[in-house]
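> Output the structure for:
(2 chains)
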Amino acid sequence: MGLVARRAESEGIPTVCIMNLRKVAERILAPRTLMVDRPFGALLGEPGDRSGQEALIRAALSMVEDPTVEPGEIREYRLAQAG
Amino acid sequence: MVDPERDLNLHAKAWLAFAIGPQRDRPSLQKLGKPLSGSRLALVTSGGFVPPGGEPFDTGKLGDSTFREIPVDTDLDRLEIYHPHYDHQLPRRDINVLFPIPLCRELADEGVIGSLAATHYSFMGYVPLTRKLETIYAPRLVERLKSEQVDLVLLVPT
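Take a look at the predicted model:
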């Protein structure tokens, strides 16, 4: 996913990647990464947890609007952000 | 604290060794040229989703670097899943955990984002050799994004 994101961004389209493995995220260096503490297959939340999923997606999308994000930034998602 | 590696089988651990790959240099970064509330979003997942009747992914040892196009109005309950390395019951129970078309459609209805693209995309996350992905399929996908005037992309791997 990170490689696809890098290509999109190099062609002018902003991206944000969700990831759960920091060592992969640090090697691939997607343009923007939001790290989650989630298992494979359900990175966006528990099935049925609509509010938790939405909070995470909103946090990810907000990275694209955040002018302080550096190229290759890997940000940790904290549940407190859902607050 | 979740340890996502704990539940991987040997095949997936081999994949992970490949996935780590070489250290990449600093990526370029684009600014969103308009407010999020006016932007068109496309989703890209590596969940191995195939639209009804579509060509299956090759889940063999060499993996598969191709992608499938999923029109936004696809009946998501009829998506097929070809991916050897995760529990398919998770997105079967709720597609929003991996390929959140329904949830993002609601965000568009609420005005959080401007709109959803007409097409979304799925890879099958097992791509041990990335050359074709980088030289053929990622560029092809980006051309599709441009043709649909996509403003930003959310990528959700398995």
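> can you pull the contacts of residue 22?
Reading this off chain A. By Cβ atoms under 8 Å, 6 or more residues apart in numbering or on different chains, residue A:22 lies in contact with A:35, A:74. C-betas here are computed from N, CA, C, even on glycine.
> Let me rephrase: I mean chain B.
Shown in contact with residue B:22 (Cβ under 8 Å, 6+ apart): residue A:27.
> which residues in chain A form helices?
With DSSP state H as the criterion, chain A has helices at A:2-10, A:22-28, A:50-65.
> Would you reformat those as CSV and include distance to residue B:152 and mean pLDDT?
CSV is the format used below for those (distance: least, Cβ to Cβ, whole Å; pLDDT from 0 to 100):
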stretch, distance to residue B:152, mean pLDDT
helix A:2-10, 9, 95
helix A:22-28, 19, 90
helix A:50-65, 5, 97
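> looking at those helices, which is buried most?
Ranked by mean neighbour count under mean count of other Cβ atoms under 10 Å in any protein chain shown, the helices of chain A are led by helix A:2-10, which reaches a mean of 23.
> Give me the contact list for it.
The contact list for helix A:2-10 (Cβ under 8 Å, 6+ apart) reads A:15-17, A:19, A:24-25, A:28-33, B:24, B:27-30, B:44, B:123, B:130, B:133-134, B:138-139, B:141-142, B:145, B:153, B:155.
> which among those residues end up buried?
In the contacts of helix A:2-10, burial by neighbour count holds for A:15-17, A:19, A:24-25, A:28-33, B:27, B:29-30, B:44, B:123, B:130, B:133, B:138-139, B:141-142, B:145, B:153, B:155, counting by 16 or more other Cβ atoms under 10 Å in any protein chain shown.
> Give me the neighbour count for residue B:150.
Close neighbours of residue B:150, defined as other Cβ atoms under 10 Å in any protein chain shown, add up to 23.
> Touching, it and residue B:43? I think so.
No: with contacts counted by Cβ atoms under 8 Å, residue B:150 stays clear of residue B:43, the gap being 10.0 Å.
> quick one: the strands in chain B?
B:40-45, B:49-50, B:67-71, B:80-81, B:115-116, B:119-123, B:152-156 (DSSP state E).
> How many residues are close by residue A:70?
Neighbour number of residue A:70 under other Cβ under 10 Å is 10.
> give me every residue that touches the closest residue to it other than its chain neighbours.
Nearest residue to residue A:70, sequence neighbours excluded (Cβ to Cβ, 6 or more residues apart in numbering or on different chains): residue B:29, at 7.6 Å. For residue B:29, the contacting residues are A:9, A:14, A:31, A:32, A:69, A:70, A:71, A:72, by Cβ under 8 Å, 6+ apart.
> is the fourth one in a bridge, and if so with what?
On the basis of DSSP bridges, residue A:32 takes part in beta bridges with residue A:73.
> Helices of chain B, start to end?
B:10-20, B:89-93, B:101-109, B:131-132, B:138-147.
> what sits against the residue nearest to residue B:136 when sequence neighbours are not counted?
The shortest distance from residue B:136 to any non-neighbouring residue, by Cβ to Cβ, 6+ apart, is to residue B:65 (7.5 Å). Residues near residue B:65 by Cβ under 8 Å, 6+ apart: B:123, B:127, B:129, B:130, B:132, B:133, B:136, B:137.
> who's in contact with the fourth one?
I take that to be residue B:130. Taking Cβ under 8 Å, 6+ apart, one finds A:3, B:21, B:65 in contact with residue B:130.
> From the residues you listed, pick the one nearest residue A:55.
Nearest to residue A:55 among the contacts of residue B:130: residue A:3, at 27.4 Å, using Cβ to Cβ.
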